[in-house]
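Colleague: only the shape, not the letters, is given here:
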Ligand code: TEU
């Protein structure tokens, strides 16, 4: 329910404003969004047909996952040609139509930039492994150490980060799948090729880039062994390496700064200090994704094992980023993307309080300081899916992990590992968008490349559209509210109850010559009814938005239903 209040105008100065700070981003994973030609794989025409839906959310920017030519071993993060469109997604003409249609709806289009590695099928790699002098140093080739690989570095997807190549008779480095060899960024020709590619796309009129694992470009000279007990063996030598800032600054100077575009870096193991440098006012990037809040439900450093988490830990992490980037840098806010399990299934209650927890978690990500990113289906409260057989898995990372576990004596067959693989598998995010309750959820007329979540008969766009109380309509209201209130975009963040284990309450305040606007967000992260005191003046308080149909006569003692979210105007 919403009560209309107007915010004072002109509190935030023009100097502080930026279009990408005020924007809400919607992430489209084209393979799973909409299939127009019945081959079971989503495509660009399918996306074009659904652009009115995307615009109806009130979002400003679409971030499109990779659509470049690729053998699709890692669903497009293995690029074989940076200047061509993957055939199953469509043609360059389709892509150009997409750009026009996005712009015609006053939205912007941000593309994925994957330049830490290419596909093994990229011409550069084909020539490099053959020893063609022009390309021989495009990748990181090394002799083995005795019979083994050059060092102990590991691939993020498991196993050694080195693969022996018979043709070249040497090992190449791949920090991800064996099909994704790392480019050698110390080679000036490589850097120039990448800068030219970036320029080529920007000249076509796109509005920015999301940069894949961009803090991995620079590796420590000599490639020494990594700490064998590290979370990712070798990471201390290949994350934020010595030339990292120089590479990004050169990219900015030579290409990015010639255009008014948005850049967001995906940066594993990023810290606040690093973020303030990369995304400083005059830094090379506008903002960066960190991963700290996505590891809450890990068991220690163990990515696959599921551990308990508590709300005070989340507050600590969020507080660190909200206050740490107050003066320098800008947050990229997200719960979900194509690599993360569905947030309702992780931090909410998909069985008993799906609508409530999905809307509460949505309130959180849309009311922090930073630019929010919503992943397709998140606005419906889509959930994780059952992964009952190994054959149902599609994600190279999940399949590798299942196979690794099955080599251990304690596991006999897939049934023994399905819970752990199923919970974390990136496939959870990649089940098709649920458009209606028909066969295949209206995603395709053919056989979908990955299973459709069986709950699409209940959770789908058509049903949500028609239901005033749906997660979808709540997201729409919330996005609209964010547009009306500068406090939600620019306001300073203050955590009111850092030690509370169930209630997350914070204020967002903007102050300036034009006055002051202060909003209060109160979220119940538990499935219990509870009452709490809040250390704020409530005299003129009024609820701006709530995910329950409830009003509060005496708001200074707040009574909250399970997963209830409320936004108040304070003064
Ligand atoms: O992902 C990088 C990656 O591995 C992180 O998202 C990871 O989940 C995080 O570091 C956990 O701590 C990107 C893409 O998003 C992914 O789809 C690709 O497979 C990968 O790079 C390789 O290109």
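Modeller: Structure received. Because the structure is predicted, anything quoted here is derived from the model rather than measured. Numbering: from 1, shown residues only.
Colleague: where along the stretch 251-400 of the chain do the helices fall?
Modeller: 272-278, 311-324, 343-347, 354-366, 396-406 (DSSP state H, counting those that start in this stretch).
Colleague: what does the first one contact?
Modeller: This means helix 272-278. 215, 240, 245, 248, 265, 267, 283-285, 287-288, 290, 320-321, 324-325, 328-329 (Cβ atoms under 8 Å, 6 or more residues apart in numbering). Using the backbone N, CA and C atoms, a C-beta is placed for each residue, glycine as well.
Colleague: quick one: buried residues of that helix?
Modeller: Judged by neighbour count using 16 or more other Cβ atoms under 10 Å, the buried positions of helix 272-278 are 272, 274, 275, 276, 277, 278.
Colleague: swap in the longest one?
Modeller: For helix 311-324, a neighbour-count test (16+ other Cβ under 10 Å) marks 311, 314, 315, 317, 318, 321, 322, 324 as buried.
Colleague: not counting residues beside it along the chain, what's closest to the last one?
Modeller: Sequence neighbours aside, residue 272 is the residue nearest to residue 324 in space, at 3.7 Å (criterion: Cβ to Cβ, 6 or more residues apart in numbering).
Colleague: return the distance of that neighbour relative to residue 145.
Modeller: Noted for residue 272: a distance of 37 Å to residue 145, by Cβ to Cβ, to the nearest Å.
Colleague: now the residue nearest the centre of the chain: closest residue in space that isn't a chain neighbour?
Modeller: The residue lying closest to the centre of the chain (Cα atoms, centre = their mean) is residue 337, at 3.8 Å. Using Cβ to Cβ, 6+ apart and skipping residues adjacent in sequence, the residue nearest residue 337 is residue 375, 5.1 Å away.
Colleague: same deal with residue 194?
Modeller: Nearest in space to residue 194, with sequence neighbours left out and distances taken as Cβ to Cβ, 6+ apart, is residue 115 at 4.8 Å.
Colleague: out of the contacts of helix 272-278, which are buried?
Modeller: 215, 240, 245, 248, 265, 267, 283-285, 287-288, 290, 321, 324-325, 329.
Colleague: the one residue in the stretch 51-200 of the chain that gets nearest to the ligand - how many residues pack around it?
Modeller: Closest contact between the stretch 51-200 of the chain and the ligand, by Cβ to the nearest ligand atom, is at residue 77 (3.4 Å). Neighbourhood size, residue 77 [other Cβ atoms under 10 Å]: 25.
Colleague: one more: residue 467?
Modeller: 12.
Colleague: OK, contacts around it?
Modeller: Counted by Cβ under 8 Å, 6+ apart, residue 467 has contacts residue 473.
Colleague: which bits of the stretch 101-250 of the chain sit near the ligand?
Modeller: By the rule Cβ under 6 Å from any ligand atom, the part of the stretch 101-250 of the chain lying against the ligand is 114, 156, 176, 212, 213.
Colleague: same thing with the chain?
Modeller: Counting by Cβ under 6 Å from any ligand atom, the residues of the chain near the ligand are 74, 77, 114, 156, 176, 212, 213, 266, 268, 291, 338, 339.
Colleague: at 5 Å instead, please
Modeller: 74, 77, 156, 176, 212, 213, 268, 291, 339 (Cβ under 5 Å from any ligand atom).
Colleague: buried ones among those residues?
Modeller: Neighbour-count burial (16+ other Cβ under 10 Å) applied to the residues of the chain next to the ligand gives 74, 77, 156, 176, 212, 213, 268, 339.
Colleague: let's have those residues in TSV, adding pLDDT and secondary structure.
Modeller: Below are those laid out as TSV (pLDDT from 0 to 100; DSSP: H, G, I helix; E, B strand; the rest coil):
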residue	pLDDT	secondary structure
74	96	coil
77	98	coil
156	96	coil
176	98	coil
212	98	coil
213	98	coil
268	97	coil
339	98	coil
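Colleague: which one of those is nearest to residue 466?
Modeller: The closest of those to residue 466 turns out to be residue 339 (Cβ to Cβ; 31.7 Å).
Colleague: what about that closest one, distance to residue 127?
Modeller: Look at residue 339 and residue 127: by Cβ to Cβ, they are 31 Å apart.
Colleague: same question, residue 14
Modeller: 50 Å.
Colleague: neighbour-wise, which of those two wins?
Modeller: Per other Cβ under 10 Å, whichever of residue 14 and residue 127 has more neighbours is residue 127, with 15 against 7.
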